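Asker: predicted structure and sequence below. I'll ask about it afterward.
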Number of protein chains: 4
Amino acid sequence: MNAGAFTDLKARFNAVRSRTEALAAVFTAEDLCVQTMPDVSPGKWHLAHVTWFWETFLLKPAQAGYTPFDPRFNYLFNSYYEAVGERHARPERGFLTRPGLNEVLDYRAHVDRAVSAWFDQADAEAVQGFRTVIETGFAHEEQHQELFLTDIKHVLSRNSFPEAGYPRQMQTPPQLAGARPDPVWIGFEGGLIEFGHEGAEFAFDNEGPRHKAWLEPFALASRPVTNAEFLAFIEDGGYQQAEHWLSEGWARMQEEGRSHPYYWRRQDGRWTHFTLHGEQMLHPDAPVSHVDYFEASAFASWAGCRLPEEREWECAARDMDPSQGRWADPDGLLEPQPLKQGSSFQALYGEVWEWTRSAYSAYPGYQPAEGAIGEYNGKFMCGQFVLRGGSCLTPPDHARPTYRNFFPPDAQWQMTGLRLAKDL
Amino acid sequence: MNAGAFTDLKARFNAVRSRTEALAAVFTAEDLCVQTMPDVSPGKWHLAHVTWFWETFLLKPAQAGYTPFDPRFNYLFNSYYEAVGERHARPERGFLTRPGLNEVLDYRAHVDRAVSAWFDQADAEAVQGFRTVIETGFAHEEQHQELFLTDIKHVLSRNSFPEAGYPRQMQTPPQLAGARPDPVWIGFEGGLIEFGHEGAEFAFDNEGPRHKAWLEPFALASRPVTNAEFLAFIEDGGYQQAEHWLSEGWARMQEEGRSHPYYWRRQDGRWTHFTLHGEQMLHPDAPVSHVDYFEASAFASWAGCRLPEEREWECAARDMDPSQGRWADPDGLLEPQPLKQGSSFQALYGEVWEWTRSAYSAYPGYQPAEGAIGEYNGKFMCGQFVLRGGSCLTPPDHARPTYRNFFPPDAQWQMTGLRLAKDL
Amino acid sequence: MNAGAFTDLKARFNAVRSRTEALAAVFTAEDLCVQTMPDVSPGKWHLAHVTWFWETFLLKPAQAGYTPFDPRFNYLFNSYYEAVGERHARPERGFLTRPGLNEVLDYRAHVDRAVSAWFDQADAEAVQGFRTVIETGFAHEEQHQELFLTDIKHVLSRNSFPEAGYPRQMQTPPQLAGARPDPVWIGFEGGLIEFGHEGAEFAFDNEGPRHKAWLEPFALASRPVTNAEFLAFIEDGGYQQAEHWLSEGWARMQEEGRSHPYYWRRQDGRWTHFTLHGEQMLHPDAPVSHVDYFEASAFASWAGCRLPEEREWECAARDMDPSQGRWADPDGLLEPQPLKQGSSFQALYGEVWEWTRSAYSAYPGYQPAEGAIGEYNGKFMCGQFVLRGGSCLTPPDHARPTYRNFFPPDAQWQMTGLRLAKDL
Amino acid sequence: MNAGAFTDLKARFNAVRSRTEALAAVFTAEDLCVQTMPDVSPGKWHLAHVTWFWETFLLKPAQAGYTPFDPRFNYLFNSYYEAVGERHARPERGFLTRPGLNEVLDYRAHVDRAVSAWFDQADAEAVQGFRTVIETGFAHEEQHQELFLTDIKHVLSRNSFPEAGYPRQMQTPPQLAGARPDPVWIGFEGGLIEFGHEGAEFAFDNEGPRHKAWLEPFALASRPVTNAEFLAFIEDGGYQQAEHWLSEGWARMQEEGRSHPYYWRRQDGRWTHFTLHGEQMLHPDAPVSHVDYFEASAFASWAGCRLPEEREWECAARDMDPSQGRWADPDGLLEPQPLKQGSSFQALYGEVWEWTRSAYSAYPGYQPAEGAIGEYNGKFMCGQFVLRGGSCLTPPDHARPTYRNFFPPDAQWQMTGLRLAKDL
């Protein structure tokens, strides 16, 4: 018997896999091969690594007699799963000129065929036994779709003459100057509230268990901080005012001589920023992006506010519909777009990940899963901050109210912005 | 009028200041001049910096016409107060051969005389106006007394032939081998509980405000992890088992080739460790010390437990009397001493700082103080973990149930250990 | 009029350009894009840079109205000519995914057509006026042909599973063990001798001016040191005997934990080395290669000898015919091949560049050429050693008795070996 | 019998040893303990190391039953003699707070007494057997006297408020502005000439053997380049003109943002430099000092000249009397002093070491001495340039016409200047 649910799983498998390839289709083998900093993985590596995940966690255990496409790929395309064995050094992923892109695409096709065949033959019990792996595989490949975009953006930006990845027209922005309305504050009463994931729907282990926590009354801004607002911070000397900065952030800023967000450039008296659609004028009403935690927290201090706690964000977002967010469309605009003024929440989901001031840590009662899959989240609970909401590079249907993204405070190449919060 | 309270403040001032000098008395000018890593400050720098604190935050604002001992010292001995101006680079504190130790001692005497004179002349209102500064000054100098000891320990240890700082006899330990009783688990019900400092007694700003939080039921071990227990972890291959380590900790361990706590040495088949009383045999029943957060968390995972949350520790410690702890006695043993088995809490206060798994962050409603003193705590709320309880290097009367110490997860030179926790 | 000489220049131009492309033909765009260390340039960069040289130093000044293929290439493909303007950072050459390989091949074709057209139209005087530039262009492109091979060898070797660049069969070597005859010593009387280039034939500026120097009597070994001889050094503990090493070399060795030449590997009790034809067994009678100056000089000391002075080598080689050397054949074996025993000089030309103990410096009376071309040699006269003779990666007709190659003493990725010398 | 020669050796021993202590007498234990960069050794280390030399190479082999002052000092105070065993890491010499200065002075006294006693008792043959060691010991201690001064100068300069080491009055300089006469060119015919040391007088092994070399006609400037001349180079934009710089020097300059010699400072529109007598105005007619090889060679190129070959310098200096130079006087001015204009050579000896363009390498026929003393010179023949003449920090009677000092091209903390040369 092959129930509808499995047909659905197979269809989702095909959709996820095709979407990855659609994102990669516009790039050359060279674009997808190089590594411009240790945090960046080559596009080809992403294409192969997500495939390795299916091969390692589904095909090898589920399909008797499965023949790996190439036994050496286990070493090359393991990311960080210590339990699965030794692996290629991360900062040297850009040295892998071989296998070439074509061979990696063959690898994808080989694994796709094998997974399809397995779906066609497996009985209900077998599929059920791997349901968590399969759902994790979807979420995992979607995460790498977003990383693919952030990483290739960095690669393109480090060419001497940065070029568009996706040559589409962006909206011509109005002048940066001129007053704009402030966001509206939306208040919450707080109290003893339950947070975190619960139930049969897929979620990562770090989203649970469901647990109680106490919140004091607070308010969140109706929308993320915009480019115009961030520019006001710059022009007011925010990058020179130590009192607003965390000590570590201030030290980095001084050392690197930073004075604006990562992809911004000042040329001929105008501010532009590098995007996946090439160098573009800054739009004053679009959410600011590519600010790291230090910049986000300094802005909040300068504005007399603070960053939200992750549970405050969850409290506000739990009744919103994630499908209303603007998510990554392979044929659409892969940059934050201008927001309209309004008195209700805007862009809680989509556009930019929002830094919270919550360090990434275990919820009460958290236990990592057993085995290699257990390495997915728990071992990174140190030195990182939680981001919520998802961005214009996140696939649709990927985020949810309990979703916890996390990055180190100095991460600049991710699609990160901020929303202000305050105590009531 | 010069009320008793002020007499008491003056007496405490003299006591704190004398205690600093008592700790330094056994060292040469050379011992107190050098810097063996960027995190370590020279002893002489500590002696001068705490003095600068009194001069800057009490004498200059409080005493009209106060003449600084040397106007250049404001640049030399400011630690990190951006609001007070530029300062000497931290990694170059060891370059300050001038002023010499004798001149720094003269500086101390000059400031001591001026503060004493001010106490003698100030009226009640004036003293009251500076009460927070004075109390902060006591706490600040006490913190530097502990840092003085941890830093000079590092300095002594980096001589090719490490020598005792305080040449006193430590107890001869029994054999490391042989079974020892496990700690007892002491359970707590949790619930909605108030945490943090409140009231007129001095506390740092980061200890407040008082706030509610929800705790699930939990248990803490009756005593810190001992050297014998940590050795069992080593001998079981704990330093080679990736599954117990945070990803960043595992990477560091591999890179540095670490296989034991910082000051331990294996020589001629026996384990010793460097102490302020010279190289000593490890005592199996003394709390393990100088483990960093990564080692502490790996040990806890290996033991099937976890580290406590800081509020769990506070919940357990709030009814205990800090004065029962073993604190730093300039004439006593400045190393953790063997614990006796027992069914109630041991060494919650004193012996070793206990790593919690709580990232150092702001309590709900936290606001840094205005001005330079506001730089004391808030700007470090990033990338550090909270430690609780105090150590055998902490001055008496310094710690309290709400006290929050904090260090980065890779800090090894501090007097840090751990206590196990688990969910109930 | 278009004299025969110019026809010849045009033919040489076509031959040199075709040879470059023949060497590159077996590689993928990915192989030719990445950079595995700062000293290595991507293959694509070499293909473009030599083309830029023709465009910059011949087409732009010689051909009125020449339209550059892409004006941005002047920034991208300038190597180090400060006089020609700013340029792309060397360690970031591997970031240039764009222009892609195909566009670079178009660039080559564009410039080739333009140069051909110029040859066809220019009169004798015009060609004569650029004769030095043209001859330099040949030599320059030939140098980059050799660098192309050494660099792509490094790239291939840094894949996790190194693969052959040129999949040809190498000779199966005999056992490494077993005594082999020593080289023969060939003596020279020395005296006051003239050295350096003179005359109408092309030579680099650093090969002149012709000048007198005095040599004491000396002898050179009849052949370069072989793999078998270098293995004897290793097995005798040569890498552990400080007395044979230069101080800087010894320090590097200790730091990097080196114990054999760069591409050697010890696997399953056998020595292999990575070659452009894949991983191969070491042939005992082939010249040792990829030793740096420190290894070469330590071997010579261990052998009770020394490295030659560059003028001693020139004295020995001046009457030999360079065309007898084994040079790089795009269809041949691009690794040093076993030598036959003999009483006359072997492999003075070809097989491996030979380290001399002469620091690379100016000959008496040396003056760099005017303008950008003057940056070719003189500005590198610091911290490098001269190598003589040419290697199996050097194009035929490239080397000559006065030719001076130079590399820093820690260069391991070049095709470098050594020949012993001694005083008589 | 105790011949006059030995009395003389003993007297020289006492004089050299006393002179070291005279130089150190004005400093505190702290000044003599710290290390401000890896190339700098603490003053205390110098005091001990030269003592270790006498103990290791004279007392231990010569005096049966000699008891070392402290057996651990062999490890601490060996500089780089691999043959003598393991040793304390060079960049950590500043960690040696123990032994303290007083103990090191006791060590000196202990060894002085033992050497004196040995001189009193040894017979002529015994002394003769150690004559080379003793003479080397004098030269060695004198070299360290100069290093002591250069190193303590660096230490003092890295204090936030640099202070005079030797508080003596320097001459008030005239205005920097205003034309000054050029140096006179003094020509030499060259030819086949003998160079290098020969004979019974002490010289280092690298000064020999005596050998022939051919020199083309050349001229040397009558005096070293002055501060006024170097300032003209700066003001003409010399630090921004790539064409005058060696490639490696240009890269460093850009990276470090250098624009003047190491100890120069521009404050309030005036140029000063840090000296052992504190911060001083630049004297226009004093030789420029603390220029590295890159600066020296760039200046020479800018001036249309070149640096001398070391044999050209020797050719010019061989008939001059070194005792006419201004050498380091513990009670005198330890900075280069203004030169008077003249038509004969000035300051060939003394004032500043003069960079030559000769890489430091072995003379024909050079053989390092056997054993540990053989490590003195030969193992440094890589990556360094020869300097000639001696400086105002060099002890009297230390230099001679054949003396070869050597430093890497980026050494800035040494008392180094330059003299121009040109071809005739």
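Answerer: That came through, no problem. Numbers count the residues shown, from 1 in each chain, chains lettered A, B, ... in the order given.

Asker: any idea which element residue A:76 lies in?
Answerer: Element membership for residue A:76, per DSSP states H and E: helix A:73-77.

Asker: any part of that helix near chain C?
Answerer: Yes. Legend: contact between helix A:73-77 and chain C by C-beta under 8 Å from any C-beta of the partner chain is shown at A:75-76. Quick note: C-beta positions are derived from backbone N, CA and C, even for glycine.

Asker: now do that helix, average pLDDT.
Answerer: Regarding helix A:73-77, the rounded mean pLDDT is 94.

Asker: tell me the helix or strand right after it.
Answerer: Once the chain leaves helix A:73-77, the next helix or strand it forms, by DSSP H and E, is helix A:101-121.

Asker: could I have the CA atoms of that next one written out in PDB?
Answerer: Extracted C-alpha coordinates of helix A:101-121, given in PDB (Å, rounded to 0.1, in the frame of the first residue of the first chain):
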ATOM      1  CA  LEU A 101      29.700  20.800 -11.100                       C
ATOM      2  CA  ASN A 102      28.500  18.300 -13.700                       C
ATOM      3  CA  GLU A 103      29.500  15.400 -11.600                       C
ATOM      4  CA  VAL A 104      27.700  16.900  -8.600                       C
ATOM      5  CA  LEU A 105      24.600  17.300 -10.700                       C
ATOM      6  CA  ASP A 106      24.900  13.700 -11.700                       C
ATOM      7  CA  TYR A 107      25.200  12.800  -8.000                       C
ATOM      8  CA  ARG A 108      21.900  14.700  -7.400                       C
ATOM      9  CA  ALA A 109      20.200  12.900 -10.200                       C
ATOM     10  CA  HIS A 110      21.400   9.500  -8.900                       C
ATOM     11  CA  VAL A 111      20.200  10.200  -5.400                       C
ATOM     12  CA  ASP A 112      16.900  11.600  -6.700                       C
ATOM     13  CA  ARG A 113      16.200   8.500  -8.700                       C
ATOM     14  CA  ALA A 114      17.100   6.200  -5.700                       C
ATOM     15  CA  VAL A 115      14.800   8.200  -3.400                       C
ATOM     16  CA  SER A 116      12.000   8.200  -5.900                       C
ATOM     17  CA  ALA A 117      12.400   4.400  -6.400                       C
ATOM     18  CA  TRP A 118      12.300   3.900  -2.600                       C
ATOM     19  CA  PHE A 119       9.200   6.000  -2.200                       C
ATOM     20  CA  ASP A 120       7.600   3.800  -5.000                       C
ATOM     21  CA  GLN A 121       8.500   0.600  -3.300                       C
END
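
Asker: how near is whichever residue of the stretch 1-150 of chain A sits closest to chain D to residue A:91?
Answerer: Closest residue of the stretch 1-150 of chain A to chain D, C-beta to the nearest C-beta: residue A:37 (19.6 Å). Using C-beta to C-beta, to the nearest Å, residue A:37 is found at 9 Å from residue A:91.

Asker: ok, residue A:301 next?
Answerer: Using C-beta to C-beta, one gets 34 Å for the distance from residue A:301 to residue A:91.

Asker: can you name the residues that contact the residue nearest to residue A:94 when sequence neighbours are not counted?
Answerer: Excluding its sequence neighbours, the residue lying closest to residue A:94 (C-beta to C-beta, 6 or more residues apart in numbering or on different chains) is residue A:35, at 2.7 Å. By C-beta atoms under 8 Å, 6 or more residues apart in numbering or on different chains, the residues touching residue A:35 are A:41-42, A:91-94, A:155.

Asker: separate out the buried members of those.
Answerer: With burial judged by 16 or more other C-beta atoms under 10 Å in any protein chain shown, the buried subset of these is A:41-42, A:93-94, A:155.

Asker: per-residue confidence at the residue in the stretch 151-300 of chain A positioned nearest to chain D?
Answerer: Using C-beta to the nearest C-beta, the single residue of the stretch 151-300 of chain A nearest to chain D is residue A:257, 11.9 Å away. At residue A:257 the predicted local confidence, pLDDT, stands at 92.

Asker: that one - how many residues pack around it?
Answerer: 7 (other C-beta atoms under 10 Å in any protein chain shown).

Asker: phi and psi next, for it.
Answerer: With angles defined as degrees, to the nearest 10, residue A:257 sits at phi 60, psi 40.
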